[in-house]
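Asker: The following comprises the amino acid sequence and a computationally predicted model.
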Amino acid sequence: MTGPAAGLLRSSLRRRRKEFVRLAGWSLVQAVPAFLSGWVIARAVDDGFLAGRAGTGFAWLGVLAVAVGTGAWATRHATLGLAAVVEPLRDELVTLVTSGTLRRSAGSDRPADTGGVARLTEQVEIAREAYGAVVMFVQSFAASSVGALLGLATLDPALLLFVLPPLLAGLGLFVGALRAMAARQRDVMLADERVAETASEVTGGLRDVVACGGEDVVRERAGQRIDAAARATRALARMTAVRTASLAVGGWLPLVLVLAGAPWLVQRGVTAGAVLGAVTYVSQGLQPALQSLVRGIADSGLWLLVTLGRITGAAGEPPTEPTAGGPPTEPEAGEPEAGGPTASSPPGRPRHSGVELHGVTFRYARSAEPVIDALDLVLRPDEHLAVVGPSGAGKSTFAALVAGVLAPHTGGVRLGGVPVGCLNDGPARHRVLIPQEAYVFAGSLWENLTYLAPGVPAAVVDAAVDEVGARPLVERLGGYDAAVDQQELSAGERQLVSLVRSYLPPAELFLLDEATCHLDPAAEARAEEAFARRPGTLIVCAHRISSALRADRIMVLDGARAALGTHTELMAGSALYRDLVGHWEDGAGTGKPDHTTRKPDHTAGKPGSTAGKPGLTASPTPGRSGSRRSGSVLRSSE
Ligand SMILES: Nc1ncnc2c1ncn2[C@@H]1O[C@H](COP(=O)(O)OP(=O)(O)OP(=O)(O)O)[C@@H](O)[C@H]1O
């Protein structure tokens, strides 16, 4: 045994030597019936029953009954003595866990990880129970086997030849497999924890998952973890074969050998009673003791090692960010390690509101063409980007990737230098994705509006309502306390509720995925401008050309590549963009002509403006209804 867990156990054994010696003393008394059993049976058979003296036979059996009573008395004392070695280990573990947390909290500006302490304290209890069980199994195996082997030697030392080698071989086989078993057990434990984490995340965010139509994504993620847990459990179950083999070799083989060797033993002068006594030693002493030891170590012992490893490891680890309700804490698939959270920026806290995509590729199925392919994009902090493209171009997919709802297969997405998969300060803390289908739940208007910013002052809510343009709706419903019945709200009114709700949290990034499509152009302009004015980067998957015209830059997703630039640049450089604008201006995009005033093109010629650059030019006008699935490649670069 190596590592901090084994070190802790060794130091605990060293420090409680006296208690262990006392325990060993009681174990010796416990061994008395094991030592006497075979010998008494031999005497009862040879001197009593086979000699025609039944009374003598019964008298020997009476001796055995007294010995068993003595053993039971010693077992009681040994069990009481167990507390003296187990409880101090528990105290040491609790001290280790709490002092580690206090030390880390003292050196950090984050709140103490009390949840972590609770988890570890629970593990301490598991370790304590497992430790008690292991000490119990080991000492009762030692008592029974020492008693039985001494008894066999007393009957006839030759009997040891039949028993000792297979017993040692069985034990060796089991001990040799322990490390692999511990690894499998650890895998099972970790996999179970991941399933529990997923269940907690999904339960916490169920309302949002349903609202955003993320059931498939969540089901897939949870399904992967459940499958992994099942695989780990199957791998552990396969190790039980080793357990069975060691029991067969160490427990059953000696019995077979003694019985098979009986003629030779009898020839050597060993009596029938002694052979029966040897069988008693093996079948009633050694075999059950080995069985308990193997089962006990394989269950409690492995739990002890794994749990102690977790406790000693976690006690020295830096604190983890809280994860409840937030996105997964692991880096997203394909997320490059470089450029991750640094010492100057704790994991999960963006340094600014800039967004970076590097080599992002995403496909919905392994064999499908990528919807987004090797996309590079850098947005400055507080920049306003509009994303346009024909239906099915990948606008929603792009928004979900940037928000971290979907994980890219290759490449990475960062907000303020932090991978979006590591933004784990809870929902809406750093970015808000507002989908087209606005989500309104049964409750008061106030609850609906403040859902992502609980505890926000009324004045702030008032200001947001005015900014976004939802005051008439609030008045129509009768104030913030009015009960909301989503059936009674129009699609546009539901979007207004969703917009105010999303406006309130102090996030760095806001993604409007056609989130204003049911508002009229003037209401849409007011809402979008409110988001554009507030601090934070804004990405709008545009429903009307007016949305694109309000943005600092526009990204055209066109099925073969992405074009990025200002309106003027794209009008000059992207045939698809010209086509889309023509379509919108004809009123075909919205069903209504667009009268919204165009935002002055204040970014034309800025370094970030890229239309017309090599590699950013739009493809020749694709069919508007053309499928994005046919070999689409979206490319953009700064
Ligand atoms: N869950 C999914 N499973 C498989 N394919 C999907 C899934 N979601 C979207 N797609 C496909 O990915 C492509 C991009 O879809 P996406 O919704 O991102 O496009 P969009 O530009 O937002 O379209 P729209 O403007 O119609 O909302 C489409 O071909 C679509 O069929």
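Answerer: Received the coordinates, thanks.

Asker: Mind checking what helix or strand follows the longest helix that the chain contains in sequence?
Answerer: The residue-count maximum for a helix in the chain (DSSP state H) belongs to helix 54-106. Scanning forward in sequence from helix 54-106 by DSSP states H and E, the next helix or strand is helix 114-155.

Asker: angle of that following helix against helix 54-106?
Answerer: Comparing the axes of helix 114-155 and helix 54-106 via axes from the mean of the first three to the mean of the last three CA atoms, to 10 degrees yields an angle of 150 degrees.

Asker: just checking, what packs against helix 114-155?
Answerer: For helix 114-155, the packing partners by 3 or more CB pairs under 8 Å, 6 or more residues apart in numbering; DSSP states H and E come out as helix 17-43, helix 54-106, helix 159-204, helix 272-280, helix 287-296, helix 302-316. Where you see a C-beta, it was placed from the backbone N, CA and C, and this is true even at glycine.

Asker: I'd like the average pLDDT over the first one.
Answerer: The average of the pLDDT scores along helix 17-43 is 88.

Asker: elements contacting it?
Answerer: If you count contacts as 3+ CB pairs under 8 Å, 6+ apart, helix 17-43 packs onto helix 54-106, helix 114-155, helix 272-280.

Asker: most tightly surrounded among those?
Answerer: The highest average neighbour count among the helices and strands packed on helix 17-43, using mean count of other CB atoms under 10 Å, belongs to helix 272-280 at a mean of 22.

Asker: For that helix, what does the pLDDT average out to?
Answerer: On average, helix 272-280 scores 94.

Asker: Determine the set of other helices and strands touching that helix.
Answerer: If contacts are counted by 3+ CB pairs under 8 Å, 6+ apart, helix 272-280 sits against helix 17-43, helix 114-155, helix 159-204, helix 253-260, helix 262-267.

Asker: quick one: which of those is nearest Gly285?
Answerer: Gly285 lies closest, by CB to CB, to one member of the helices and strands packed on helix 272-280: helix 114-155, at 3.6 Å.

Asker: centre of the chain versus that closest one, how much separation?
Answerer: 30 Å (CA atoms, centre = their mean, to the nearest Å).

Asker: since we're on the residue of the stretch 51-200 of the chain found nearest the ligand, how many residues are nearby?
Answerer: Closest approach of the stretch 51-200 of the chain to the ligand (CB to the nearest ligand atom) occurs at Thr198, with a separation of 19.4 Å. Using other CB atoms under 10 Å, the number of residues around Thr198 comes to 19.

Asker: wait, isn't it in contact with Asp227?
Answerer: No. Look at Thr198 against Asp227 with CB atoms under 8 Å: they stay out of range, at 11.8 Å.

Asker: In the stretch 101-250 of the chain, what residue comes closest to the ligand?
Answerer: Asp216 (5.7 Å).

Asker: and that residue, how far is that from Ala365?
Answerer: For Asp216, the distance to Ala365 (CB to CB, to the nearest Å) stands at 12 Å.

Asker: So which of the two has more stuff around it?
Answerer: More neighbours surround Asp216 than the other of Asp216 and Ala365, with 10 against 6 (other CB under 10 Å).

Asker: okay, the residue nearest in space to the middle of the chain: pLDDT?
Answerer: Among the residues of the chain, the one closest to the centroid is Arg194, at 2.7 Å (CA atoms, centre = their mean). Among the per-residue scores, Arg194 shows a pLDDT of 87.

Asker: Would you work out how far apart the start and end of stretch 242-262 are?
Answerer: Taking CA to CA, to the nearest Å, stretch 242-262 runs 29 Å from one end to the other.

Asker: Give me the contacts around that stretch.
Answerer: For stretch 242-262, contacts defined as CB atoms under 8 Å, 6 or more residues apart in numbering pick out 159, 162-163, 166-171, 173-174, 177, 181, 265, 275, 278-279, 282-283, 286-287, 290-291, 294-295, 298.

Asker: near the ligand, which residues of this structure show up?
Answerer: 216, 364, 371, 389, 391-397, 628-629 (CB under 6 Å from any ligand atom).

Asker: Sort out for me which of those are in helices.
Answerer: Asp216, Lys395, Ser396, Thr397.

Asker: Go ahead and confirm the third one touches Leu512.
Answerer: No. Ser396 sits out of contact with Leu512 when judged by CB under 8 Å, with a separation of 11.3 Å.

Asker: lowest-confidence stretch among the helices and strands packed on helix 272-280?
Answerer: Among these, helix 114-155 carries the lowest mean pLDDT (a mean of 83).

Asker: could you give the angle of that one to helix 287-296?
Answerer: Calculated by the same axes, to 10 degrees, helix 114-155 forms an angle of 160 degrees with helix 287-296.

Asker: Where do the domain boundaries of this protein fall?
Answerer: Following automatic domain parsing, the chain resolves into domains at 3-316, 355-585.

Asker: what's the most buried one of these?
Answerer: The most buried one of these (mean count of other CB under 10 Å) is domain 355-585, showing a mean of 21.

Asker: if we can go back for a sec, select, out of the helices and strands packed on helix 17-43, the one closest to Asp552.
Answerer: Evaluated with CB to CB, the helices and strands packed on helix 17-43 place helix 114-155 nearest to Asp552, the distance being 41.2 Å.

Asker: angle of that closest one against helix 272-280?
Answerer: Going by the same axes, to 10 degrees, helix 114-155 makes 170 degrees with helix 272-280.

Asker: hmm, back to that, next up, the contacts around the nearest residue to the residue nearest to the centre of the chain once chain neighbours are set aside.
Answerer: Leaving aside its sequence neighbours, Arg194 sits nearest to Arg225 (CB to CB, 6 or more residues apart in numbering; 4.9 Å). By CB under 8 Å, 6+ apart, the contact list for Arg225 reads Ala191, Arg194, Val195, Thr198.

Asker: what do you get for Leu93?
Answerer: Leu8, Val124, Ala127, Arg128, Leu308, Ile311.

Asker: Provide the secondary structure category for Leu519.
Answerer: coil (DSSP: H, G, I helix; E, B strand; the rest coil).

Asker: what's the distance between it and the ligand?
Answerer: Distance of Leu519 to the ligand, given as CB to the nearest ligand atom, to the nearest Å: 17 Å.

Asker: was I right about that residue contacting Leu496?
Answerer: Yes. Judged on CB under 8 Å, Leu519 makes contact with Leu496 at a distance of 7.3 Å.
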